Structures are given as C-alpha cells and as structure tokens.
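*Asks:* Got a predicted model here, sequence first, then my questions.
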Amino acid sequence: MPPDADSAISDDVLLARYVRGDRAAARDLTARLLPRVYGHAMRLLGDATEAEDAAQEAMLRLWRTAPDWRPGQAQISTWLYRVTANLCMDRLRKRRPLGLDQIAEPEDPAPGVVQHMQDRMRFDALQEALDALPDRQRQAVVLRHIEGLSNPEIAQVMDIGLRAVESLTARGKRALRDLLVRRRAELGYEDERTG
Amino acid sequence: MKEPDDMAKDRAVDAALDAARASPPPVPAHLMTRVLADAEAARPAVRDRSGFGVCVSELMGGWQGVGGLVAATLAGVWFGFSPPEAMPDAGALILGYENVELLTSSAELTSFGWDLDGG
C-alpha cells in the first residue's frame, strides 16, 4: 500500500476530523484504508466486482460508525479487516458453485510475453489455490502471509484464540503448498529450482 | 528436518505469497469515487452557522450578549409591574404634576391618567 501524504496522523485522528466535517480527512483515510480493504476482499472472494461491492460496504460502515467511534478502543484497520471478512463470508455462503461453462477459457500464449503470462498464471494459480481452501483457512493465510498481520491481530480480526490462528495458518499454508505443487512445472517453479 | 524437495515446495509457496504481497490489486478509480461519495453522504451534519438568527446573535456578542439582553428585558418588565419605592412616577411627570410625590398608591399617578378621563 502506498503511504499517504501524512502517515504520522493516526487513523483515529483522521476519523475524528471526518466527523467534524473535514473532507480532506475522508480522502486521506480512504487512500490509506481502501487498498487494504479492497485487496483483502479480492483475495477472499477472487472476483473483482464482488470485491468492489464488499469494500464499498465495509467503508460505508466505517463512515456510519465514525460518530460513535471511541479512539483507542481498537485499531480501525483491524476493525475494517473484520467487517470486510464478514461481508465476504456472507457473499461466499450465498455463492453457488460455478458450472464448467462459467469458467473462462485460458488464452493462447503469444510470443514475447511468456514471462508476463507466467506471472499472470502464477497470480491466478495462487488465487485459485486460495479459493480452494476452506473459508477460515483462506482468511487466516491471507491475513498472515499477504496482508502481513501478526497472529494477535489475526486473532482479533477472526475472533479466535492464538492457538487457533497458528493451527489455521499452518494447515492453510500446507494445503496451499499441496495445491500449488501440483502445478509447479506448469507455473515454471521447476525451471527456477533447477536453473 | 525437511527434505530438499519439501524445501523447494515451501520456496514455491513463499515465492507466490511474496509476489502477491508485493503487488496488491490496484484500487479501481471508480471504487475510490464511490467510497468518497458515500463518505460525503454519510458525513455527520455539522451545525449550520450561517442563518439570520446566528448573524444577529453574533452581532450582539454571541450567547453572552443575548443572555444579557434577555436579563435586562426581564428586569424592565419586573420594574413595570413592581417598581421600587424610591422610583419617581413617570406618568405623573408626563401629566405635569409639579410636586411629584415619590410613588404613592394613588391610581391617578400610576395609570398615566387614563382613569381620570372616565372619573
């Protein structure tokens, strides 16, 4: 996430300024928090349109909560991860499994863009592997290994104990590894190991 | 201890996760616009300080000035109903009484003379 212009000001202070009518504070908070919220929703849902809707709803809840927010009661970013995850889980529960005809056909590789294609394939493969994980494992792995949260922060977001966090992340990463390893040669990791 | 192949598998997963962390999905511009529009719509109402009443109040010195004015008005009304004994009767002065007595209980001196016409 790119740092905003004045990252020395805490989220709490910016939210309080927003409540007092400061439009610039809303812009700064959005620039600071929306990339995290959208990125998290994107990783949990694997669908850009749904991720946008979930991210917008999560931010809207922040604006509505703002007048009642008590500084120091929690980190706004942690609270937002939690709201985002809950919104995404609701969407995942309602989602129907994709039929074969709904899965996009892979594009034909064009000469000269092999590296780009491989990067794209790895990106998509990771997302597909994440999508294949159980919801809670996926959430824990994304928070730990992509969002970079600490275990205590994840425990707060997911409302579970530290041992449960450790268990979910360990099992999730192991499952992720098994899923990706099956495609290791296809994704070019074999070449990197030998080369 | 992990086998070399396991370490290679771990490296592959770590590489994929590191790449994902290094390149978060860019936020679409239209999403940013939608979120800021929501922020504006949900912004708590800030007290409007531009009304006529507010202008008058501020001309008179804010709430302290208005409070003083109200107190002075109430004191005037009170003196009208129940004037202090040492206060001269304004009605008597207007009617031309030479020797104005200090506040008598006479109706003619306290009613601006209106009852004199009837009597």
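*Replies:* Okay, I see it. Numbering: from 1, shown residues only, chains lettered A, B, ... in the order given.
*Asks:* mind giving me the domain ranges of the chain?
*Replies:* With no chain named, the answer covers chain A. According to automatic domain parsing, chain A comprises the domains A:1-94, A:112-195.
*Asks:* Chain B is the one I meant
*Replies:* Described in terms of automatic domain parsing, the domain architecture of chain B consists of the residue ranges B:4-42, B:47-82, B:84-119.
*Asks:* can stretch A:139-150 be found next to chain B?
*Replies:* Yes: part of stretch A:139-150 sits near chain B under the criterion C-beta under 8 Å from any C-beta of the partner chain, namely A:145-148. Where C-beta positions appear, they are placed from N, C-alpha and C, glycine not excepted.
*Asks:* could I get those as JSON lines with neighbour count, secondary structure and pLDDT?
*Replies:* Converted to JSON lines, the residues of stretch A:139-150 next to chain B look like this (neighbours: other C-beta atoms under 10 Å in any protein chain shown; DSSP: H, G, I helix; E, B strand; the rest coil; pLDDT from 0 to 100):
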{"residue": "A:145", "neighbour count": "20", "secondary structure": "helix", "pLDDT": "93"}
{"residue": "A:146", "neighbour count": "21", "secondary structure": "helix", "pLDDT": "92"}
{"residue": "A:147", "neighbour count": "21", "secondary structure": "coil", "pLDDT": "92"}
{"residue": "A:148", "neighbour count": "9", "secondary structure": "coil", "pLDDT": "92"}
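*Asks:* Check the gap between the residue lying closest to residue A:160 once chain neighbours are set aside and residue A:69 for me.
*Replies:* Of all residues beyond its chain neighbours, the one nearest residue A:160 is residue A:168 (7.7 Å), with distances taken as C-beta to C-beta, 6 or more residues apart in numbering or on different chains. Distance of residue A:168 to residue A:69, computed by C-beta to C-beta, to the nearest Å: 29 Å.
*Asks:* What of residue B:12?
*Replies:* Taken as C-beta to C-beta, the spacing of residue B:12 relative to residue A:69 amounts to 42 Å.
*Asks:* Low-confidence regions, chain A specifically.
*Replies:* Residues of chain A that meet the criterion pLDDT under 70 lie in A:1-7, A:96-120, A:122, A:184-195.
*Asks:* The same query, at a cut-off of 90, please.
*Replies:* By pLDDT under 90, the low-scoring segments of chain A are A:1-9, A:46, A:70-74, A:92-128, A:177-195.
*Asks:* for it, what's the longest helix?
*Replies:* helix A:23-45 (DSSP state H).
*Asks:* close to chain B, is that helix?
*Replies:* Yes: using C-beta under 8 Å from any C-beta, we find that helix A:23-45 touches chain B at A:23, A:26-27, A:30-31, A:34-35, A:38-39, A:42-43.
*Asks:* so where is chain B shaky, pLDDT-wise?
*Replies:* For chain B, the stretches flagged by pLDDT under 90 are B:1-24, B:43-119.
*Asks:* residues from it in reach of chain A?
*Replies:* Taking C-beta under 8 Å from any C-beta as the measure of proximity, chain B contacts chain A at B:8-13, B:15-17, B:19-21, B:23-25, B:27-28, B:31-32, B:34-36, B:38-40, B:42-44, B:46.
*Asks:* Distance of the closest residue in space to residue A:75 that isn't next to it in sequence relative to chain B?
*Replies:* Closest residue to residue A:75 in three dimensions, ignoring its sequence neighbours and counting by C-beta to C-beta, 6+ apart: residue A:11, at 7.3 Å. Computed as C-beta to the nearest C-beta, to the nearest Å, the residue A:11 to chain B distance reads 14 Å.
*Asks:* Do a quick rundown of the helices in chain A.
*Replies:* Taking DSSP H as the test, the helices found in chain A are A:11-19, A:23-45, A:48-65, A:76-94, A:114-132, A:135-141, A:151-158, A:162-181, A:184-187, A:189-194.
*Asks:* Those helices: which one's closest to residue B:76?
*Replies:* In this view, the helices of chain A are compared for proximity to residue B:76 by C-beta to C-beta, and helix A:11-19 is the closest at 43.3 Å.
*Asks:* Determine which residue lies closest to the centroid of chain A.
*Replies:* Here the mean C-alpha position of chain A is nearest to the C-alpha of residue A:40 (C-alpha atoms, centre = their mean), at a distance of 1.7 Å.
*Asks:* Contacts only, for that one.
*Replies:* A:81, A:84-85, A:88, A:142-143, A:147 (C-beta atoms under 8 Å, 6 or more residues apart in numbering or on different chains).
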